[in-house]
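Chemist: Sequence and predicted structure are below.
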Amino acid sequence: MRICFFRHSLLSRGGDKMVVEHANYLVSQGHDVTIVTNVLDTVFEVKARIHRISRLHNRAITILKALSFAKPCDVIIADIVMMVFFLSFKNRKRLVCFAQDYDESYYKGTPMKLLIRAAYFYCLRVLRLPAISVSEALGQLLARRFKADVHVVANGVDTGVFYPDPEYMSLKDGRPVVLVFGRSDYRKGFDLAIRVLGRFKAEIDSGTLAVWSVGEELSTPFKMRRFGFVTPDRLRKILSASDVLLYPSRHEGLPLFVLEALACGCPIVTTEAVSILTNALDGVVCPVEGVECLAKGLRSVLNDRKFQSGLIVRGLATAKKYTLSNCKRLFEECILALFEK
């Protein structure tokens, strides 16, 4: 089967990683796979063919390409609903929406939220395009709101890559480490992480508590060790050395970063946006934007070793429920069921 993944960019985020993992697996199964993208800047190994849209990284060029896209393929997979909308004009019968999150959550302003909701309504309700969702919660949202034809293939973690690895323990200098995910994307809640860590500023400034970050290198009002975007092997070592991951997201599909942290034995302090965790069982789960709750939970994990150890053990068990090998196999089966003649 000839399969195309269509994106504006292929970077080093969780969503990009899942596209690469699925594309690579489909190649290994004998499919002809192309990733069509305008921007290519990723740490992940890509085994599929790459088709660059343009030397210019202009989003408008990507949109024009989507509107006129006519590459010979049996299936086109897009994971941003506006791109699905643009592609639908010429590719309705071979198009699938790969829902990695609910795109309306990316925006604060009402006009953009309404535009995104209208795109979902048109693509999923009017055109009845099939959707593959990365989590049960997201699938239920799309089915409830748009009566969408949704097939759930939960994200998974490769426990052959992500597991407890002590190599970076020496970087801590005997201090506890709080890890955060640097993303300027509003829904990821980096601004909330800064507000939570503000409650710990005296400890951070005195050097008794260390803060590390991976992802975008964003400015902060206190000292932070910034690793940037890293390879999976290096991320495993960072997660394994961290005492807790502070992940105050406003909305999620099924965050790969959380699964990777759990698999490395790093306990999580997060929000109800992460639907796979249960509070005080395999993570600390607070209301969305619950800064005080997040700060209290962070303090509990850092100060109560017994509580922390319990989260680690049960978090490892949760990670084992979401295997990447199963995820990739089910994704291929879903695509074949939807489009194979």
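Modeler: Received, thanks. Small disclaimer: the values here were computed from a predicted structure and weren't measured.
Chemist: ok, the residue lying farthest from the centre of the chain to residue 90 distance?
Modeler: Relative to the centre of the chain, the most outlying C-alpha is that of residue 206, 33.3 Å out, by Cα atoms, centre = their mean. With distances taken as Cβ to Cβ, to the nearest Å, residue 206 is found 60 Å from residue 90. Where C-beta positions appear, they are placed from N, C-alpha and C, glycine not excepted.
Chemist: Same question for residue 118.
Modeler: For residue 118, the distance to residue 90 - Cβ to Cβ - is 20 Å.
Chemist: go on, residue 225?
Modeler: Distance from residue 225 to residue 90, by Cβ to Cβ: 48 Å.
Chemist: buried stuff in stretch 225-233?
Modeler: 227, 229 (16 or more other Cβ atoms under 10 Å).
Chemist: Name the surrounding residues that touch that stretch.
Modeler: 11-12, 43-44, 158, 161-162, 182, 210-217, 234, 238 (Cβ atoms under 8 Å, 6 or more residues apart in numbering).
Chemist: Apply 6 Å and report the result again.
Modeler: Outside of stretch 225-233, the residues within contact range by Cβ atoms under 6 Å, 6 or more residues apart in numbering are 12, 43, 161, 212, 213, 214, 217.
Chemist: cool, and stretch 144-155?
Modeler: 120-121, 124-125, 130-136, 139, 142-143, 254, 256, 322, 327, 330-331, 334.
Chemist: Show me how to select, in PyMOL, the buried members of those.
Modeler: Restricted to buried positions by 16+ other Cβ under 10 Å, the PyMOL selection for the contacts of stretch 144-155 reads:
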select buried, resi 120+121+124+130+131+132+133+134+135+139+142+143+254+256+322+327+330+331+334
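Chemist: Next, count neighbours for residue 208.
Modeler: Using other Cβ atoms under 10 Å, residue 208 is surrounded by 12 other residues.
Chemist: now it: how far from residue 175?
Modeler: Remark: distance between residue 208 and residue 175 (Cβ to Cβ) = 6 Å.
Chemist: now swap in residue 223 and tell me
Modeler: Distance from residue 223 to residue 175, by Cβ to Cβ: 12 Å.
Chemist: Likewise for residue 45?
Modeler: Distance from residue 45 to residue 175, counting by Cβ to Cβ: 34 Å.
Chemist: For beta bridges, what are the partners of residue 152?
Modeler: Here residue 152 sits in beta bridges with residue 133, going by DSSP bridges.
Chemist: Renumber starting at 43 from here on
Modeler: All right, first residue 43 from here; so that's residue 194.
Chemist: Show me where the stretch 193-342 of the chain has its helices.
Modeler: Ranges of helices in the stretch 193-342 of the chain, per DSSP state H, counting those that start in this stretch, are 232-240, 243-248, 274-283, 298-305, 333-345.
Chemist: TSV for those, including mean pLDDT?
Modeler: Output for the helices of the stretch 193-342 of the chain, formatted as TSV (pLDDT from 0 to 100):
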stretch	mean pLDDT
helix 232-240	97
helix 243-248	95
helix 274-283	97
helix 298-305	97
helix 333-345	98
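Chemist: for the strand or helix carrying residue 129, the distance to its chain's centre please.
Modeler: In the assignment (DSSP states H and E), residue 129 maps to helix 123-133. Here helix 123-133 is found 22 Å from its chain centre; the criterion is Cα atoms, centre = their mean, to the nearest Å.
Chemist: again, but for stretch 340-353
Modeler: Put simply, stretch 340-353 sits 25 Å off its chain's centre (Cα atoms, centre = their mean).
Chemist: Now the terminal residues of it, how far apart.
Modeler: 12 Å (Cα to Cα, to the nearest Å).
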